[in-house]
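[1] got a predicted structure plus its sequence, pasted below:
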Amino acid sequence: MKQKAPYGEDAVRGPADVIVLPDTSAKIVRTADLVNNQVVLCSGYDPDLVAATKKIPGARWNPTIRAWHVPLCLEAKALIELYGFNVTSRLAPVLDGELESLTARSASLVGGRILARCPYRDELVKSFRQMGGRFDSKHRAWLLPLSTKVVAWLKDHGFAVAAEVEQALRDIRQTVETSRSAEGCVAVPGLKLELLGYQKAGVGFALQKGRVLIADEPGLGKTAQALAFLQARKDLRPALVVCPASLKLNWMAEAGRFLEDCPENEVAVLNGTVPQEVRAPISIINYDILYAWVSVMQGQVRAVILDESHAIKSRDSRRTKAVLEVARHAEAVICLTGTPLLNRPADLFTQLNLLAPQEFGSFFEYGRRYCAGRKKQIFVRGGGKKLVWDFSGASHLDELNERLRSTVMVRRLKKDVLKELPPKRVAEIPVELASPGEYLQAESEFRDWLREKVEQGIYDEERLDSALRAEAMVKVEYLKQCAARLKLASAVEWIRGFLDSGQKLVVFAHHREIVEALAKEFGRVAVVLTGGGSQDVKDAAVRRFQGDPGCRLFIGSIQAAGVGLTLTAASDVTFVEYPWRPADFDQAVDRCHRIGQANSVTAWCLVASVPEVETVDERVLKVLAAKRAVADSALDGGKGRQVDVLGTLLKGYAANPKTKKGV
């Protein structure tokens with residue numbers, strides 16, 4: 001072996017190390033460089049060198065540049081010296097400095113989490129905390145979540161990753177694929193329903209895990225999967241179904257349709273706030289009254305199904321506390337929601353903590369990692385200031401998606417599992433206002449109010465406290481209602497033109513004034529559903545629309561009719577007004593885009609239009625589209641950004657109050 005040259009420019013410019021390979025006489029230059037805190041080794045093929053390189057934990061081959069990447073450590077330095085690499089000027093001073101042995105930084109597996117050991121470094125501790133890690137005093141090391149992103153970071157920072165960690169990561173990736181599966185082979189004896197392939201996979205996932213979040217897109221049959229689980233596990237009785245009040249009778253009907261007729265499957269619907277002894281094997285209750293039944297339910301229920309489980313997103317609400325008291329110690333918990341991230345990743349934590357408290361035990365850790373947790377300064381009464389934690393954002397959503405799928409969540413998209421169901425599409429239809437001047441006056445008053453808040457220093461782009469938010473919400477709601485009222489005549493004309501085609505149509509609005517005005521115009525051919533009707537009234541309206549050829553139009557409020565109904569007699573949905581959340585918009589469209597729909601579903605958005613002015617309708621639709629990216633990222637593995645609808649609207653009006661420019 002040739003004597004190594006000293007590190008520095010001479011080593012780079014000196015004569016190359018000549019290696020005679022077994023099958024060639026070509027001259028090979030061995031070069032060691034530093035790129036992104038990793039040592040990059042370029043060399044011709046040498047089996048001894050390859051074997052030695054592979055022994056360094058974290059070493060990886062880059063086929064693109066045909067070079068090895070190894071962590072910056074004493075082992076890498078020894079390899080460079082042993083094989084006489086020429087060292088670049090970037091790497092030379094680093095090798096001449098102090099290096100830690102790779103074995104001083106190690107990552108093993110303890111209880112399903114990564115145990116990271118290393119000498120204390122401020123920058124490492126900061127990174128561990130950002131990754132949602134916590135210090136374990138027993139092991140004198142850091143516990144980190146097991147994910148592809150975390151393991152990649154550890155390797156990039158010179159940690160020797162144990163083989164058990166690599167195997168666990170492979171298992172995670174396999175589970176992630178299972179959570180997307182469109183095919184399953186589970187058999188449920190006694191079930192009256194023939195499950196589709198992806199539904200079998202969902203039931204199998206639930207049977208394997210016991211505590212799961214079934215987050216399939218709306219319309220894919222989450223109710224059927226939950227009932228199949230109860231049929232397969234008849235030993236888990238008493239069982240409790242908790243759902244919105246409007247869906248209780250639907251759950252009872254579906255249980256009668258799908259479950260085997262046997263004593264273990266007898267169902268009772270619980271009503272009122274005066275609790276009684278519960279004798280039925282399966283009980284159905286709504287969220288709003290569960291608190292009154294905790295005393296007779298707590299510790300007695302073995303299986304809990306939470307329909308529309310995003311209802312417990314608020315950790316401090318009475319309904320959430322009641323659910324947790326009843327479900328915390330149940331043997332099985334099945335959460336069902338097609339829209340688990342209504343506004344932000346923080347909204348999902350309560351469900352995750354209920355399903356997997358060992359994995360998602362600390363909201364603070366979760367918030368720092370996935371909710372872009374940061375300290376911000378707020379103003380308090382009396383003119384003072386204080387620092388508080390803000391968890392309203394979204395971050396590392398690709399990692400959150402992997403953790404969800406590898407622990408508790410199964411989620412399939414219609415486009416992936418129902419190839420025969422055509423995709424949805426959204427079409428915006430600009431409509432004229434009856435009195436553009438009246439709208440412009442209302443918008444001018446809103447801009448004057450906003451300008452006043454800015455000039456007074458009450459509002460800027462970084463601050464929207466609860467009091468100002470409430471006031472702004474009222475102002476914007478008035479502007480939205482004004483736009484809806486003034487475009488009503490155009491909307492009626494458009495609806496009439498559509499009905500001339502002979503097709504059925506579902507129309508959604510928000511304010512009662514608008515719903516009632518539409519009902520007055522189309523009463524003979526329409527059914528109307530608002531928030532005041534009973535479940536029997538809702539069922540009758542749905543039956544008439546679905547089965548009566550003479551009933552051409554379904555008119556409903558977004559809150560009352562946007563969830564829990566099947567309206568597949570129509571494949572077209574029209575919005576006269578828009579909700580604040582993309583989840584509510586999607587849920588409403590999915591009343592038609594469900595199993596049983598044979599046609600492509602189109603959502604027609606009737607948008608108030610004024611020349612040279614970006615109306616509140618146009619702004620809301622833009623922000624809803626941007627906001628949807630956050631939920632899609634965490635649930636489906638992409639990358640998105642957090643968008644606050646009201647805050648973004650205010651910023652848009654403050655920056656570009658009139659012109660048709662981007663929000």
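    That came through fine.
[2] pLDDT score for residue 530?
    On pLDDT, residue 530 comes in at 83.
[3] give me phi/psi at residue 145?
    Main-chain torsions, residue 145, degrees, to the nearest 10: phi -70, psi 140.
[4] let me know the pLDDT of it.
    89.
[5] contacting residues around the closest residue to residue 286 other than its chain neighbours?
    Leaving aside its sequence neighbours, residue 286 sits nearest to residue 245 (CB to CB, 6 or more residues apart in numbering; 3.9 Å). Where C-beta positions appear, they are placed from N, C-alpha and C, glycine not excepted. Shown in contact with residue 245 (CB atoms under 8 Å, 6 or more residues apart in numbering): 286, 287, 288, 535.
[6] how about residue 244?
    286, 287, 307, 308, 311, 563, 564.
[7] state the distance from the fifth one to residue 302.
    The one in question is residue 311. Separation of residue 311 from residue 302 (CB to CB, to the nearest Å): 22 Å.
[8] the two: which has the busier surroundings?
    residue 311 (22 against 15; other CB atoms under 10 Å).
[9] residues contacting the more buried one?
    Residue 311 makes contact with 244, 287, 319, according to CB under 8 Å, 6+ apart.
[10] quick one, phi/psi of it?
    Torsion angles at residue 311 (phi, psi; degrees, to the nearest 10) stand at phi -60, psi -20.
[11] quick check: buried residues in stretch 133-144?
    If you call a residue buried by 16 or more other CB atoms under 10 Å, then stretch 133-144 has these buried ones: 133, 141, 142, 143, 144.
[12] wait, is the fourth one part of a helix?
    No - in this structure, residue 143 is strand, not part of a helix, as judged by DSSP: H, G, I helix; E, B strand; the rest coil.
[13] distance of it relative to residue 104?
    18 Å.
[14] rebuild the contacts of residue 311 as CSV, extending it with distance to residue 571 and secondary structure.
    CSV is the format used below for those (distance: CB to CB, whole Å; DSSP: H, G, I helix; E, B strand; the rest coil):
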residue, distance to residue 571, secondary structure
244, 26, coil
287, 32, helix
319, 35, helix
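[15] for PyMOL, what selects the buried ones among the contacts of residue 245?
    PyMOL command restricting those to the buried ones, with burial defined by 16+ other CB under 10 Å:
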select buried, resi 286+287
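[16] state the pair within the contacts of residue 245 that is farthest apart.
    Farthest pair in those (CB to CB) is 287 and 535. Separation: 15.2 Å.
[17] related to what we said a few turns ago, out of the contacts of residue 311, who's nearest residue 580?
    When these are compared for distance to residue 580 (CB to CB), residue 244 wins out at 18.4 Å.
[18] ok, the closest one to residue 529 distance?
    Distance of residue 244 to residue 529, computed by CB to CB: 15 Å.
[19] please apply the same query to residue 475.
    Relative to residue 529, residue 475 is positioned 29 Å away (criterion: CB to CB).
[20] of these two, who's got more company?
    Higher neighbour count among residue 475 and residue 529: residue 529, with 21 against 16, using other CB under 10 Å.
[21] dig out what that one forms beta bridges with.
    Taking DSSP bridges as the rule, residue 529 bridges to residue 556.
[22] contact partners for it?
    537, 538, 541, 554, 555, 556, 557, 560, 561.
[23] mind putting these into CSV with neighbour count, pLDDT and distance to residue 496?
    Converted to CSV, the contacts of residue 529 look like this (neighbours: other CB atoms under 10 Å; pLDDT from 0 to 100; distance: CB to CB, whole Å):
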residue, neighbour count, pLDDT, distance to residue 496
537, 14, 84, 26
538, 21, 84, 26
541, 22, 89, 21
554, 27, 94, 15
555, 29, 94, 13
556, 26, 89, 18
557, 21, 89, 21
560, 18, 72, 24
561, 29, 73, 21
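[24] sec struct for the residue nearest to residue 314 when sequence neighbours are not counted, please.
    Distances taken as CB to CB, 6+ apart place residue 320 nearest to residue 314, at 5.8 Å, with adjacent residues excluded. Classification of residue 320 by three-state DSSP places it in helix.
[25] now do residue 320: how many residues are near it, please.
    Residue 320, neighbours per other CB under 10 Å, totals 20.
[26] what sits against it?
    The contact partners of residue 320, by CB under 8 Å, 6+ apart, come to 312, 313, 314, 350.
[27] of these, closest to residue 161?
    Nearest to residue 161, judged by CB to CB, of the contacts of residue 320 is residue 350 at 32.8 Å.
[28] that closest one contacts residue 309, doesn't it?
    No - using CB atoms under 8 Å as the test, residue 350 is too far from residue 309 to be in contact (9.0 Å).
[29] do I have it right that residue 615 meets residue 608?
    Yes - between residue 615 and residue 608 there is a contact under CB under 8 Å: 4.6 Å.
[30] between these two, which one's more packed in?
    Between residue 615 and residue 608, counted using other CB under 10 Å, the more crowded position is residue 608 (27 against 23).
[31] is the more buried one part of a helix or strand, or is it coil?
    Secondary structure of residue 608, per three-state DSSP, is strand.
[32] is it in a bridge, and if so with what?
    Beta-bridge pairing for residue 608 (DSSP bridges): residue 431.
[33] flag the least confident of the contacts of residue 311.
    Scoring the contacts of residue 311 by pLDDT puts residue 244 last, at 84.
[34] that one and residue 120: what is the separation?
    Going from residue 244 to residue 120 by CB to CB gives 51 Å.
[35] which ones are touching residue 515?
    Here residue 515 is in contact with 509, 528, 530, 555, 556, 557 (CB under 8 Å, 6+ apart).
[36] residue 651: which of these is nearest?
    residue 509 (26.9 Å).
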